[in-house]
Every structure is written in C-alpha cells, then in structure tokens.
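[1] Mind folding the following:
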Amino acid sequence: MADVKDYPRYVTPEFIPFSPVELAEKTEAIVGLGDQRKYTNFYCTGVYGGISTAYTVGCCLRCIFCWVDWSRDFPEKYGFFCSPEKVSTYLLLNARRSKVKKLRISGGEPTLLFHHLLKILVLLREEDYLFILETNGILLGENEDLVKELVPFPNLYVRVSIKAGTPSSFEKKTGAKKDYFYLPFQCIENLKKHGLNFHVAVMSDKRLMSVEEKRYFLKELKKTGYHGFLEEERCEPYPHSVARLRFAGWE
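    Below you'll find the predicted structure:
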C-alpha cells in the first residue's frame, strides 16, 4: 500500500503548493499495480457527439473547479484495478452498444502510468475509432519523449486543457507551484513539433478568469505558435466543483 501521508487532497486557503511532477509519481504509486490502473466506471456519454468513456482515478493537479468525484482527492479509497486489455475491451463494447465512434479516458489524468496508456493505444490501433486524449499537459510538457511515443497512433487526437492564464492564478487554481505554469504551453509546442492532431481548451469562465488574466494567457499561447481552435470552458455547478470552490475560499 502506497504511503498517503501528506498526500495533497483539495485546495484550501492554507494549502501548500506542490510539484505536479512529484505528485504524479505519488499518485502513480497509489493507482497503479504493474500494468494495471484504477478505474471507477465505464459507460458512454454525450460529449463529443457521443463517446465511450473509461473513468480512471488519479490526477497531478488539484483544480478548484474540477467536476470529478472524491476519487481525485482520495485515490486510495476508490476504484478497481484494470489491465489495458480489460479497459480496451470495455471501451469497444460500450462504443458498439451505443453506436458511437469515439473513445476516451476521463475522470483523471490519462498520462499518469504512461505505459498503461500506451498499451491501450496499441490494442486500439487497428480499430476504426477515434481516441481522444484529454490531458492537462503537465507530463507531456515536462517530458518530450512521451509525446514522441504518441506519434505512431493515427487514430489519436489530443485535447490540452489549460487551467489558468498566469503563473500566480495557476498556483491558486490548481494547487501546483507557479513555476510549473509553463509546462502545458511546452506540451503544446511538443505536440506541434511532432505533428500530432490536437486543440487547446482553456477554463476562461469570466467568474474565474479576469480580462487581464485572459490577455496574459493569449500572449503565452501565441508564443507557442498555435493558431488552431481554442475551446473556451465554463465552470458548471457540479456538486464536487461547488464543494472544491468553497473549500478554496471562492464564493
């Protein structure tokens, strides 16, 4: 059993910022077992026009607007271990039942336990489905070699989600040290460099991001050379989102 002492849970006004790279390693020790990873459920949902989803456990950020249940904050208490083979089987089974053509892993950061993700992608490579990789960009920005390993998968599409527009707001909104603010932008550069198909999303809800912060974000995005579609996210009042905002002191 992995040591969960001092494991970061959710942001509060007294929260001590952490390294998201170190938190990724701590989380992997909790949610990984050999080539298996923890999941909580498998079913189809209506986003992206219909998509078969594997809901995994574990993330390396602590976003105050996150919709995911408490499995994000207490990964040792939730989920069951699944092999890449089992995950790919469930994804395809539900996709065929619901007649959808897209697949994804959600509910956590899919790039944790990267070897597990790669095995799933290999198993799905010959299938006629689009796999959407939703990522916060931390690990793909920190390690370019991970991006290189994604190149052989033509049915892969990446969605990079930017959580904040400035280093200081990144620290307040994610719990991660502000020094790591630039990693998702490095992820964008890495994806662009290696020719992967992707787009950028940003939590630009006016209740959470000021005009000045958005301006700073757009300036940083421009530096990456990205000129594609920008998806602007809203903070929906899911129960866990509301609870986390309150714990963080946002009303």
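
[2] which helices and strands sit right next to the top helix by length along the chain?
    In the chain, taking DSSP state H as the definition, the longest helix is helix 84-98. Here helix 84-98 touches strand 36-45, strand 51-56, strand 102-106, helix 114-124, going by 3 or more Cβ pairs under 8 Å, 6 or more residues apart in numbering; DSSP states H and E. Yep, even glycine has a C-beta here, placed from its N, CA and C like the rest.

[3] redo that, cut-off 7 Å
    Packing contacts for helix 84-98, counted by 3 or more Cβ pairs under 7 Å, 6 or more residues apart in numbering; DSSP states H and E, involve strand 36-45, strand 51-56, helix 114-124.

[4] most neighbours per residue, which of these?
    The highest mean neighbour count among the helices and strands packed on helix 84-98, using mean count of other Cβ atoms under 10 Å, belongs to strand 51-56: a mean of 24.

[5] what mean pLDDT does it have?
    Confidence over strand 51-56 (mean pLDDT, whole number) is 99.

[6] For that strand, enumerate the helices and strands it packs against.
    Using 3+ Cβ pairs under 7 Å, 6+ apart: strand 51-56 touches strand 36-45, helix 84-98, strand 102-106.

[7] related to what we said a few turns ago, the longest helix of the chain: how far from the chain's middle?
    Remark: helix 84-98 is offset 20 Å from the chain centroid, using Cα atoms, centre = their mean, to the nearest Å.

[8] cool, stretch 100-114 as well?
    For stretch 100-114, the distance to the chain centre is 8 Å (Cα atoms, centre = their mean).

[9] repeat for stretch 48-64
    The mean C-alpha position of stretch 48-64 is separated from the chain mean by 6 Å, Cα atoms, centre = their mean.

[10] Can I get that stretch as PDB, trimmed to CA atoms?
    In PDB, the C-alpha atoms belonging to stretch 48-64 read as follows (Å, rounded to 0.1, in the frame of the first residue of the first chain):
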ATOM      1  CA  TYR A  48     -18.100  15.000 -28.500                       C
ATOM      2  CA  GLY A  49     -21.300  13.900 -30.100                       C
ATOM      3  CA  GLY A  50     -21.200  10.600 -28.200                       C
ATOM      4  CA  ILE A  51     -18.100   8.900 -26.700                       C
ATOM      5  CA  SER A  52     -17.300   5.700 -24.900                       C
ATOM      6  CA  THR A  53     -15.500   6.600 -21.700                       C
ATOM      7  CA  ALA A  54     -13.300   4.800 -19.200                       C
ATOM      8  CA  TYR A  55     -13.400   6.700 -15.900                       C
ATOM      9  CA  THR A  56      -9.900   6.500 -14.300                       C
ATOM     10  CA  VAL A  57      -8.500   7.500 -10.900                       C
ATOM     11  CA  GLY A  58      -5.800  10.000 -10.200                       C
ATOM     12  CA  CYS A  59      -4.500  13.400 -11.200                       C
ATOM     13  CA  CYS A  60      -1.400  15.600 -10.700                       C
ATOM     14  CA  LEU A  61      -3.300  18.800 -10.300                       C
ATOM     15  CA  ARG A  62      -5.900  20.000  -7.700                       C
ATOM     16  CA  CYS A  63      -8.100  22.300  -9.800                       C
ATOM     17  CA  ILE A  64     -10.600  24.100  -7.600                       C
END
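
[11] Grab the nearest non-local neighbour of Tyr238.
    Trp67 (4.2 Å; Cβ to Cβ, 6 or more residues apart in numbering).

[12] Also Leu92?
    Per Cβ to Cβ, 6+ apart, closest to Leu92 is Glu127, 6.5 Å.

[13] Give me the pLDDT value at that neighbour.
    Note on Glu127: pLDDT of 97.
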